[in-house]
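[1] Build me a structure from this.
(3 chains)
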Amino acid sequence: MDLKRTVKFEADRDPEFARWISHTVGGERIRHCLQCGLCSASCPLSLHMDYTPRRLMHLSREGFKEEVLSSAAIWLCTACYACMVECPKKINITHLMYALKERAIQEKFYPKRFPIPVMAQQFSRMVRESGRITESWLIVRVFLRSAIWRLLGMSGLGWKLFLTGRMPARKEKIKRKSEIRTLLASVAATRKELAL
Amino acid sequence: MPDTRRPTNGSDTDGIRIGVYVCHCGTNIAGTVDVKAISEYAATLPGVVVARTYKYMCSDPGQALIQQDIRDLRLNRIVVASCSPLLHEPTFRRALDRVGLNPFLLQMVNIREHVSWVHLDKPAATAKTNDLVRGAVRRVARHKPLQKRRVPINPSVLVVGGGIAGIHAALTLADAGKHVYLVEREPTIGGHMAKFDKTFPTLDCAACILTPKMTAVGSHPLITLWTYSEVLKVSGYVGNYRVQVRRKPRYIIEDLCLGCQECITACVYKEGKTRDEFNLGLSKRKPVYLPFPQAVPQKVVIDPETCIEFKSGKCKKTCIEACGERKAIDFKQKESLEEIEVGTIILATGFTTFNAARNAYYGYGRYPNVYTSLEVERLINASGPTSGELVLRDGTRPKAVGIIHCVGSRDANTNRWCSKVCCMYSLKLAHLIKERTGADIFNFYIDMRTPGKGYEEFYDRLLDEGVHFVRGRVAEVTEWAAHPSEKGKLIIRAEDTLAAFVRRIPVDMVVLSVGLEPQPDAQAVRRLFNISCSNEGWFLERHPKLAPVSTFTEGVYIAGACQGPKDIPDTVAQAGAAAAEALALVDAQFVELEPYTAFISEEECSGCKSCIPLCPYQAISFVEEKKKATINEVLCKGCGTCVAGCPSGSIQQNFFEDEEIFDEIEGVLAYA
Amino acid sequence: MKYAYYPGCSLRGTGRAYEESLLAVFRALDVAIQELNDWNCCGATTYLSIDELTSYALAARNLALAARDRLDIIAPCAACYLVLNKTQRYIHDYPDIQLVVTRALDAIGLKYDDRVRVRHPLDIFLNEIGVKAIASRVTRSLKGLKVAPYYGCQIVRPYATFDDQRNPTSMDRLLEACGAEIIPYSLKTRCCGGSQKGTLPEVGLYLINYLVEEAQMNGADVIATVCPLCQFNLECFQKEASSEQNPLSTPVLYFTQLMALALGASSATIGLRRSLVKIEPVLEAKEIAYA
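    Sure, this is the predicted structure:
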């Protein structure tokens, strides 16, 4: 029997995290959550989650950063918006999940080679480089960095898709690639200026 | 100093003689304002004969001070510089009245809320007070004596709505000896309560406790009961309302019908084909029907929409044959208009339930075995469509029932409020359903709201009965089976928040605990009676805590669920309260109206009619013969709109005449 | 009325059949389009996990390009449709986002204009052309074909601009106009898992299994989709997702493929060769010509 002691002291809370979640875009109403559980009940992924969306809302607004950012739940969210449609307090739960993902990636709160953040990073890199995504190359890049053996497993499917013309090897790109760079630079500059 | 202006009151033969009284109000005023300096300054103003200060002007000795001066110094105008007039203007007016001085020859200056409570700088506060007192002194000289007007109150009362609130109010008033008109839209009184099976927390049979009151109403000599009727028009003012009531034709002569129901048995329709509204569509009725067995009045109704005689004129009319010598059926009956005069009105028009079809994910209207709580009340009621058997649409008994709380309540997508009664009635239904069927019951709630007397104890009782309580708002009711054991059932998906995992619970029957909403025509009704509705659509009370049954329209009261969701005990309490307040008005026999009314100078009125549409109280009318406008003092509420709007300046308002206002302004600004 | 056609990255890859059939339907119904010149990736759901401000700026470039051409956008991919709509709303609701985006666009010589409407082909077909007009142009009725309409998440949530959020019927009505029979499908707006099949296979497979199984058990000959990722998920993993009792083998086509078929488009443009689970046997059994 593995006995754990769970009591949370005030020192375990991170007030900055609690403040951040209340002020980030979409978190304005998080204090209104009355923990009814409708979000968890409508979420198709909640059955796999360690902390259901409802619990994440409460843990976040109370500042339990460790639990929230290390949870598997934030990665399981597919942003299907089912929770938001019915939420009786109109809390922007999906957007908060995005914000938590963003923060977890920034602060590296995930196991190495975890496919989801790797996918997110490779996706955005490809967009920055070429302006468009080429699915074939994206899949290769993601699995090379996370779970190589899966690539082998998918090769059968990959071959069939190639044969039916759905997995072209040709790289998609936009003509004015420099615009993407300029766009990104401008966003970075404005963000710094406004301290966002 | 003597005032050299022309006195405006004929009895001011001595000229204007003003007394100024500055209150310390303990340290409330004196702490920030140099009251002694004020009184010394006031004494120097024109017309002021005496200026005094006192610790608490509103106290008996304080008032005595003023009264003594009025007698000894022949004062004919008083200025009191103290707190807000909302607090003590009546006090000082009564003081003046008791020594024979017209109470409206008083002007109060608010040097507490407007000066000492909002400023910290003593010299500046004192200077400001001087300016305000100077203005008041100049104004008060212009005051004319005014008389409060008395209007008699008609002792009859109109009660609109024949649910438990209307019934209780009507009986209370009638037992007090007043004549009551009870107008109800449906063919019978009883309201929602007549539909219930048992009531919480005592599990009293609703009909057993309601029907004696209904019968009392029907037989009370002082209650004129008009069912199947609606109020069409209301005019007049407190104590003197004139109401037009439209009585819809039942096609039955009420005085002759005995309620034997032979006509219903004899009707050419062998079975009912029309949706029975009382049973919420769970059964069918014939075109001639009695709404429910204990209806009051116990008279049948003929529905012209479905009766063959109205559609084709060629019916055998077996009903007339069955009625025989009584001859109570009259297909030629027309609607009638009645005009009544009453002094006060009580609105008890009740509520409606949330339309469960609006929550598409609960499947109401899509899955046959999803019911609303009100429908289930009818099913378990012994006089309901299934004689009290709780069965599914196919006639079998449910083995598992899910009761979903908060449908259409506490939800930004539908209604934000908590409907107050649903937790209790959901517990009641859980108990009753378990008793009747032995089924497994699951209540899905967010909070268990049981604040009334005996309510928490009722919840305790349910906990002993083995009902499952799952704390989680239900996301969906679905037919999709994710597990073989779910096939053929309705699956409720909710997060059991206390256990912290999602659960899927298969049931045979789903009961939606629908919330309460204002009636769909609440806005139209409130306009008829000249009252307001709150943001959410409930009738607006004068004050949520201290005046819950009166409205901003004098003489019109509200009671019961039309004012907001509530249970039967609170409804009855409010109905009694409204009756009491109406009685207070009626027994006072007349109402005193403040004289702040506007009046039109006939010589100056040009007959342009600009003022008439401006009046929110329809108090101005046009006298054709003279081609002048005239104001009904009794309807006028003194809002001042017509005074400002009149292009020729021929409308003035008592207590707010131009010279009074301009003098006050000049007095304040005279520091320059 | 001409529209700016915004294919999105998937329609050049796994969603190729979507583009082919969509363009065929546009031709058959005389909808004038021009591909949005030099469009860039909208960021889909993924970029928002990295950096939301950049994500809005990237998406807004497409809106600004359309504004310059003074055209409304048609975005067939559900994710693109959602991201573009969301970008518009967030720019409108949050002044900070608006500032960042307008400056970024300014830096590349573009202006943001909120008058650009982002529309889905379902919306155009239903509300601009109408079921009657479409029915009148059907040359190969889909009579006898049982279709399970699968909407997925992103075209109905969180913004339901042209259809009911909980019980959408736009696709139902269009396919019925083509003669098809729509079967009851209670999971029609349940998420397919998006990219979870790739990243967390057990999770993805669980979702895919019941979506396809339910349609199959309700008698569907084909599942119709509006989103390239939904189509990919539901079609390409049926063997893996099958349980022993219920092997899955239902064709999954884009609704535009079914429409193109009904409107008489050539076999090549319908894109049947792109499918991994073939529908030809069903079509032959129901005597619906497709060559």
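
[2] make it CA atoms for all contacts and neighbour counts henceforth
    Fine.

[3] Point me to the residue of the stretch 201-350 of chain B nearest chain C.
    residue B:281 (25.0 Å; CA to the nearest CA).

[4] what about that residue, how many neighbours?
    Using other CA atoms under 10 Å in any protein chain shown, residue B:281 has 13 other residues around it.

[5] And residue B:660, by the same measure?
    Residues near residue B:660, counting by other CA under 10 Å: 20.

[6] Ok, residue B:293 next?
    9.

[7] mind listing what the closest residue to the residue of the stretch 201-350 of chain B closest to chain C other than its chain neighbours touches?
    Nearest residue to residue B:281, sequence neighbours excluded (CA to CA, 6 or more residues apart in numbering or on different chains): residue B:275, at 4.9 Å. Contact analysis of residue B:275 by CA atoms under 8 Å, 6 or more residues apart in numbering or on different chains lists B:281, B:282, B:283, B:284, B:285.

[8] and if you look at residue C:106?
    Counted by CA under 8 Å, 6+ apart, residue C:106 has zero contacts.

[9] check which helix or strand covers it.
    Remark: residue C:106 resides in helix C:95-107, with elements defined by DSSP states H and E.

[10] tell me the SS of residue B:591?
    strand (DSSP: H, G, I helix; E, B strand; the rest coil).

[11] Report the buried residues of stretch B:368-377.
    B:369, B:370, B:371, B:372, B:373, B:374, B:375, B:376, B:377 (16 or more other CA atoms under 10 Å in any protein chain shown).

[12] Does chain C have contacts with it?
    No. Stretch B:368-377 does not reach chain C (CA under 8 Å from any CA of the partner chain); its nearest approach is 15.3 Å.

[13] and that stretch, average pLDDT?
    Computed over stretch B:368-377, the mean pLDDT rounds to 97.

[14] first vs last residue of it, how far apart are they?
    From its first residue to its last, stretch B:368-377 covers 17 Å (CA to CA, to the nearest Å).

[15] Give me the distance between it and the centre of its chain.
    A distance of 30 Å separates the centroid of the chain from that of stretch B:368-377, by CA atoms, centre = their mean, to the nearest Å.

[16] got a list of contacts for it?
    B:195-197, B:279-280, B:282, B:356, B:362-364, B:390, B:392-393, B:426, B:429, B:508-514.

[17] Could I have the buried ones of those as ChimeraX selection syntax?
    Only the buried members of those enter the following ChimeraX selection, criterion being 16+ other CA under 10 Å:
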select /B:195,196,197,279,280,282,356,362,363,364,390,392,426,429,508,509,510,511,512,513,514
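
[18] Sort out for me which of the contacts of stretch B:368-377 are in helices.
    Mapping these onto helices (DSSP state H) picks out B:426, B:429.

[19] Pretty sure residue B:585 sits against residue B:591.
    Yes. Counting by CA atoms under 8 Å, residue B:585 does reach residue B:591; the two are 7.2 Å apart.

[20] Which residues are in contact with each of the two?
    Common neighbours of residue B:585 and residue B:591 (CA under 8 Å, 6+ apart) are residue B:153.

[21] element containing residue 22, please.
    Assuming you mean chain A. Applying DSSP H and E as the criterion places residue A:22 in helix A:15-23.

[22] oops, I was thinking of chain B
    strand B:18-23.

[23] Parallel or antiparallel, which strands does that strand pair with?
    Paired neighbours of strand B:18-23 in the sheet (DSSP bridges): strand B:48-54 (parallel), strand B:77-82 (parallel).

[24] how much distance is there from the shortest one to the middle of the chain?
    Taking the mean of its C-alpha atoms, strand B:77-82 sits 38 Å from the chain's own mean (CA atoms, centre = their mean).

[25] And that strand, what's buried?
    Here strand B:77-82 shows B:77, B:78, B:79, B:80, B:81, B:82 as buried, counting by 16+ other CA under 10 Å.

[26] C-terminal to that strand, what's the next element?
    From strand B:77-82, the next helix or strand downstream (DSSP H and E) is helix B:85-98.

[27] which bits of the stretch 401-550 of chain B sit near chain A?
    So the stretch 401-550 of chain B meets chain A at B:410-413, B:446, B:471-476, B:493-497, B:500-503 (CA under 8 Å from any CA).

[28] quick one on the thing from earlier: give me the mean pLDDT for the helix holding residue C:106.
    Here the average pLDDT along helix C:95-107 is 95.

[29] Extract the CA atoms of the helix-or-strand element of chain A with minimal mean pLDDT and return them as CSV.
    Ranked by mean pLDDT, DSSP states H and E, the weakest helix or strand in chain A is helix A:148-163, scoring a mean of 88. Provided in CSV are the C-alpha atoms of helix A:148-163 (Å, rounded to 0.1, in the frame of the first residue of the first chain):
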residue,chain,number,x,y,z
ILE,A,148,10.4,7.2,-34.5
TRP,A,149,9.1,3.7,-34.3
ARG,A,150,5.6,5.0,-35.1
LEU,A,151,6.8,6.2,-38.4
LEU,A,152,7.5,2.7,-39.4
GLY,A,153,4.1,1.6,-38.2
MET,A,154,2.5,4.2,-40.3
SER,A,155,4.5,3.5,-43.4
GLY,A,156,1.8,1.2,-44.8
LEU,A,157,-0.8,3.9,-44.6
GLY,A,158,1.7,6.5,-45.8
TRP,A,159,2.4,4.4,-48.9
LYS,A,160,-1.4,4.0,-49.7
LEU,A,161,-1.9,7.7,-49.3
PHE,A,162,1.0,8.5,-51.5
LEU,A,163,-0.4,6.2,-54.2
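
[30] list the helices and strands it packs on?
    The helices and strands touching helix A:148-163, judged by 3 or more CA pairs under 8 Å, 6 or more residues apart in numbering or on different chains; DSSP states H and E, are helix A:135-145.

[31] Residue B:424 against residue B:454, yeah?
    No. Residue B:424 is beyond contact range of residue B:454, at 10.7 Å (criterion: CA under 8 Å).

[32] Between the two, tell me which one has more neighbours.
    Taking neighbours as other CA under 10 Å, residue B:424 and residue B:454 compare with residue B:424 leading, 24 against 13.

[33] and the helix or strand hosting that one, how far from the chain's centre?
    Assigned by DSSP H and E, residue B:424 belongs to helix B:422-437. Relative to the mean C-alpha coordinate of its chain, helix B:422-437 is positioned 31 Å out (CA atoms, centre = their mean).
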